[in-house]
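A.B. asks: 3D model of this:
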Amino acid sequence: MNLKKSDKIIVATAIAVLIVAAIGIIFYTYSEEEEITPPATGGKKYEVTWVKDEGSISSITEFVKFKETYDKPFTVTVNTPPGSVITDVHVHITWQDDYTKGLLFNKGEDTLTAIITAPGGESKTHTAKGEGNETLDFYINSEPVDEIIENVNDSIEAEQKVQEEYQGENTATFGVNVTVEKGEKLSLRPLKLLNYFRDKGNDFTFEITFDYYYPSIVESENPGDNGTTLDLPQDNTGTQTWYTMGFPGKN
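C.D. replies: Residues are numbered from 1 along each chain as shown. Have a look, this model is predicted:
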């Protein structure tokens with residue numbers, strides 16, 4: 001059966017329209033499925049809140065001899081709760097000359113000097129004659145900031161992330177250098193000479209306190225929030241975006 005030229009054009013146009021329509025349906029279905037499929041994030045969400053607290057370590061009482069140096073370092077550590085951050089350390093120094101002889105203006109008072117060095121290299125010095133009572137304050141770490149940890153399996157994993165982020169900030173070691181200068185002077189007078197040799201050195205005490213923060217980690221209580229976010233593409237008006245396709249037609 002022979003078709004006219006005009007009939008052939010109509011048939012060819014109809015076939016082209018069907019092909020283009022089929023392609024359009026396929027692309028639209030694929031695009032719609034791709035847009036609606038949520039990202040495979042999974043996991044839970046935890047809120048980390050930092051709580052301030054104070055602590056102390058056992059006081060240090062030692063004896064420093066003349067012409068010698070006491071140089072034993074001390075360490076401040078917070079092991080519990082895990083992930084704690086030390087922010088400030090306070091070293092309170094007290095001492096008193098335990099052997100003085102002489103008149104009011106010639107008592108032979110000793111002079112003690114204590115140099116404390118923080119982990120970052122900052123040094124502070126206490127020096128006094130006869131007796132001392134002073135607190136040296138040290139800044140160690142910045143105050144931690146509250147945060148939200150997402151896409152973790154449980155609270156143990158959230159705690160591990162906090163500990164990794166603030167690793168090493170729960171401990172601080174200080175260098176110490178203490179010396180004493182004798183107040184008694186060498187003399188040919190027997191009594192003064194005796195006083196000079198009787199004075200062997202001095203006791204001193206460090207009382208150490210510190211400020212620290214520890215993390216309070218709780219699972220997010222947002223209604224319906226399981227830690228998975230579904231982002232659907234949309235325009236600013238919230239309306240569905242449709243894609244138009246061109247179809248061949250007659251000229």
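A.B. asks: and the gap between residue 210 and residue 71?
C.D. replies: With distances taken as C-beta to C-beta, to the nearest Å, residue 210 is found 22 Å from residue 71. Every residue, glycine included, has its C-beta placed from N, CA and C.
A.B. asks: out of those two, which sits in the busier spot?
C.D. replies: Taking other C-beta atoms under 10 Å, residue 210 and residue 71 do not tie; residue 210 has more neighbours (21 against 12).
A.B. asks: I'd say the more buried one and residue 76 touch.
C.D. replies: Yes. Judged on C-beta atoms under 8 Å, residue 210 makes contact with residue 76 at a distance of 5.3 Å.
A.B. asks: what's the overlap in contacts for the two?
C.D. replies: 57, 86, 89 (C-beta atoms under 8 Å, 6 or more residues apart in numbering).
A.B. asks: do you know how far the first one is from residue 122?
C.D. replies: By that I understand residue 57. 19 Å.
A.B. asks: neighbour count winner among those two?
C.D. replies: residue 57 (15 against 11).
A.B. asks: please name the residues that touch the more buried one.
C.D. replies: Applying C-beta under 8 Å, 6+ apart, the residues near residue 57 are 74, 76, 208, 210.
A.B. asks: again, only this time at 6 Å
C.D. replies: residue 208 (C-beta atoms under 6 Å, 6 or more residues apart in numbering).
A.B. asks: low-scoring stretches of the chain, by residue?
C.D. replies: Applying pLDDT under 70 to the chain flags residues 1-12, 14, 16-18, 20-22, 24-42, 99-107, 184-199, 222-251.
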